[in-house]
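>>> please find the sequence and the predicted model below.
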Amino acid sequence: MNRNVVVPAAFVLSLALSLSGCQSPEATVQATPGAAEPPPADVPVVAATVGDIESALEISGTLAPRSRVPVKPRLPGALDRVLVEIGDAVTAGQVIATIDRREIDAQADAAIAAVAVAKAALESAEATLANAVLERDRARTLFEKGALPRQRLDGAETAHRASVAQRDLAAANLAQAEAALRRAREVQRDATITSPVTGFIVERNYDAGAIPGDPPVVVVADLRQMKLEAGVSELQAGRLRVGMKARVEIQARPGESFDGELAAIAPEVDERNRHFRIDVRVPNDGRGLLSGMYATARIVESTETGAILVPREAVTTRDGKRMALKVQDGTVTPVPVTEGLADGARVQIVEGLQSGDTVVADARRQLAAGAKVRPVAGR
C-alpha cells in the first residue's frame with residue numbers, strides 16, 4: 001500500500017544549510033569563466049638581407065642634340081644650289097648651298113680692275129715725284145752757286161711738294177681699291193653657305209631658286225651626343241657633381257639602357273622655379289637615339305655593397321625615432337635603427353638589425369611591444 005509522505009519546506013531548507021556547512025571552503029569556490037585570449041594576428045614579415053644598394057636621383061624629359069645650329073645665308077639672293085638632304089652627315093666647313101653670284105662676281109671683277117687702275121696711278125705719281133726730286137735738287141745746287149734766282153728754286157720745291165701729295169693720294173686710292181676688292185671677295189665667299197659644325201641635316205626648308213626668308217636654309221644637329229636637361233632642387237644640386245655616372249632609359253626602346261654622364265650643373269638658380277639646370281650627356285655613336293625621344297636618367301650618387309637591406313615600409317617613425325618592428329618567437333619588439341642609403345624600394349640599415357632578422361613588412365601597422373603575432377611571409 002502506497003503512502004504519500006509530506007516533508008515540510010522548513011525541514012528541507014534546514015537540511016541544505018546543514019550540509020553546506022559541513023563542506024570545506026575549497027569545495028565552495030567555483031571557477032569563474034574569464035575572457036579567452038584572442039589568437040595571434042597574421043602579420044606579413046620580411047627578412048633583412050645582404051645586398052648592394054645605390055642612392056640615385058631620377059630626372060626625365062626629352063632628348064635633344066648636343067648642338068642644333070640653324071644655317072642662314074649672310075647675303076640676300078636666290079639659291080643657286082642646295083647640296084644636302086635631310087639625314088645627310090656633314091662636316092664643319094662643308095658646302096651646303098650656294099647663292100646666285102653672277103652680280104657678286106661682276107662686282108668682284110670691277111674691284112680687281114679698280115685695283116689695277118689705282119696701281120697704275122700710283123706708279124705714275126711715283127715717277128712724277130722722282131722727276132720733281134731731281135728738279136728740286138738741281139735748282140738748289142744752281143741757287144747756291146748764284147746761277148738760279150730764288151723764284152726758280154721756290155717753284156721747284158713747290159712742284160716737289162705737289163708730286164709728294166699726288167703720290168700719297170695715289171697710294172691711298174690703291175689702298176681703298178684693295179679694301180674694296182677684299183670686301184668683294186668676302187661677299188663671294190659669303191655666297192657659298194657652309195656648315196658651321198659637324199653633324200646631320202635635321203631640317204631643310206628651301207630648294208634651288210628660292211629666296212630664303214626667316215626660316216634657315218638648313219638646320220645642322222650634332223647627334224653624336226644627346227643631352228637630357230632638367231631642373232633639380234637646391235638640396236639635390238648640392239649632392240651632385242659633374243662627372244657622375246647616369247643610366248638612361250628610353251621610352252621608345254624598352255628593355256635597353258644607355259650609359260651617360262652628368263656633364264654640367266648650372267651655377268645659378270632659375271628665379272622662376274628656384275631650380276638649378278643640369279645636363280646629362282649620352283653618347284649616340286650609332287644614332288639609335290633621336291631628338292625628341294622621352295627619356296629617364298638615373299644619376300647614381302653613391303653605392304654600398306654588402307649592406308643590410310629591408311623594404312622601405314619596414315621602417316617608420318615612432319616617438320621621433322626611426323624604428324623597425326622585429327619579430328622573434330612570435331613576439332613583436334620595436335628596435336631603433338640607423339638608416340643609410342635608400343633607392344626608393346629598399347633602405348640600408350646601418351645599425352639595429354642583422355642579416356636574417358625578421359621584421360614586420362609594414363612598420364606603420366599599430367602593434368604594441370610584446371604583441372603576439374603569427375608571422376606570414378611577406379613580399
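Yes, it's here.

>>> where does the chain have low pLDDT?
Residue ranges of the chain with pLDDT under 70: 1-37, 378-379.

>>> longest strand of it, counting residues only.
Of all segments of type strand in the chain, defined using DSSP state E, the longest is strand 49-71.

>>> and the helix or strand where A118 lies, what other elements does it pack with?
Element membership for A118, per DSSP states H and E: helix 102-144. When contacts are defined as 3 or more CB pairs under 8 Å, 6 or more residues apart in numbering; DSSP states H and E, helix 102-144 packs onto helix 150-190. C-beta here means a position set from N, CA and C on the backbone, and glycine is covered the same way.

>>> tell me what the helix it packs on is packed against?
Counting contacts by 3+ CB pairs under 8 Å, 6+ apart, helix 150-190 packs against helix 102-144.

>>> rewinding a little: buried residues, the longest strand of the chain. List them.
Buried residues in strand 49-71, counting neighbours by 16 or more other CB atoms under 10 Å, are found at 53, 55-57, 59, 63-68, 71.

>>> for stretch 256-267, same thing?
Under the neighbour-count criterion of 16+ other CB under 10 Å, stretch 256-267 has 258, 260-263, 265 buried.

>>> again with stretch 103-118
Of all the residues in stretch 103-118, those buried under the rule 16+ other CB under 10 Å are 104, 107-108, 111, 114-115, 118.

>>> now it - C-alpha only, CSV.
The C-alpha atoms that make up stretch 103-118 are tabulated as CSV, following Å, rounded to 0.1, in the frame of the first residue of the first chain:
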residue,chain,number,x,y,z
GLU,A,103,76.2,90.0,-109.9
ILE,A,104,78.6,89.4,-107.0
ASP,A,105,81.3,88.1,-109.4
ALA,A,106,80.8,91.2,-111.6
GLN,A,107,81.4,93.4,-108.6
ALA,A,108,84.5,91.5,-107.8
ASP,A,109,85.8,91.9,-111.3
ALA,A,110,85.1,95.6,-111.1
ALA,A,111,87.1,95.7,-107.8
ILE,A,112,90.0,93.9,-109.4
ALA,A,113,90.0,96.4,-112.3
ALA,A,114,89.9,99.3,-109.8
VAL,A,115,93.0,98.0,-108.1
ALA,A,116,94.8,97.7,-111.4
VAL,A,117,93.9,101.4,-112.2
ALA,A,118,95.0,102.5,-108.7
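
>>> might you calculate how far that stretch sits from the centre of the chain?
Put simply, stretch 103-118 sits 52 Å off its chain's centre (CA atoms, centre = their mean, to the nearest Å).

>>> ok, stretch 179-186 next?
For stretch 179-186 - counting by CA atoms, centre = their mean - the centre lies 44 Å from the chain centre.

>>> if we can go back for a sec, can I get the buried residues of strand 49-71 in CSV with distance to A221?
Shown next, in CSV, are the buried residues of strand 49-71 (distance: CB to CB, whole Å):
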residue, distance to A221
I53, 38
S55, 34
A56, 29
L57, 27
I59, 22
L63, 11
A64, 9
P65, 4
R66, 8
S67, 7
R68, 5
V71, 11
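
>>> quick one: R136 and E157 touch, right?
Yes. Counting by CB atoms under 8 Å, E157 is a contact partner of R136 at 5.5 Å.

>>> comparing those two, which residue is more hemmed in?
Applying other CB atoms under 10 Å to R136 and E157 shows that R136 carries more neighbours, namely 19 against 15.

>>> what sits against the more buried one?
Counting by CB atoms under 8 Å, 6 or more residues apart in numbering, R136 makes contact with 156-157, 159-160.

>>> for T317, see how far away I99 is.
To T317, I99 is 71 Å away according to CB to CB, to the nearest Å.

>>> between the two, point out the one with more neighbours.
Higher neighbour count among I99 and T317: I99, with 22 against 10, using other CB under 10 Å.

>>> phi and psi next, for that one.
Main-chain dihedrals, I99, degrees, to the nearest 10: phi -100, psi 150.

>>> from the opening residue of stretch 365-374 to its closing one, how far?
14 Å (CA to CA, to the nearest Å).

>>> contacts for that stretch, please.
The contact list for stretch 365-374 (CB under 8 Å, 6+ apart) reads 39-43, 325, 327, 330-334, 360.

>>> again, only using 7 Å
Where contact means CB atoms under 7 Å, 6 or more residues apart in numbering, the residues beyond stretch 365-374 that reach it are 40-43, 325, 327, 330-334, 360.

>>> ok, which pair from these is furthest apart?
For these, the maximum inter-member distance is 19.5 Å, found between D42 and P334 (CB to CB).

>>> more neighbours, those two?
A direct count of neighbours by other CB under 10 Å for D42 and P334 places P334 higher, at 19 against 10.

>>> pretty sure the more buried one sits in a helix.
No. Judged by DSSP: H, G, I helix; E, B strand; the rest coil, P334 forms no part of a helix; its state is strand.

>>> does I211 sit in a helix, a strand or a coil?
I211, by the three-state scheme (three-state DSSP), is coil.

>>> burial of the nearest residue to it once chain neighbours are set aside, as a residue count?
The shortest distance from I211 to any non-neighbouring residue, by CB to CB, 6 or more residues apart in numbering, is to A78 (5.1 Å). Using other CB under 10 Å as the criterion, A78 is surrounded by 12 other residues.

>>> A78 and R101 touch, don't they?
No. Between A78 and R101 there is no contact under CB atoms under 7 Å: 10.3 Å.
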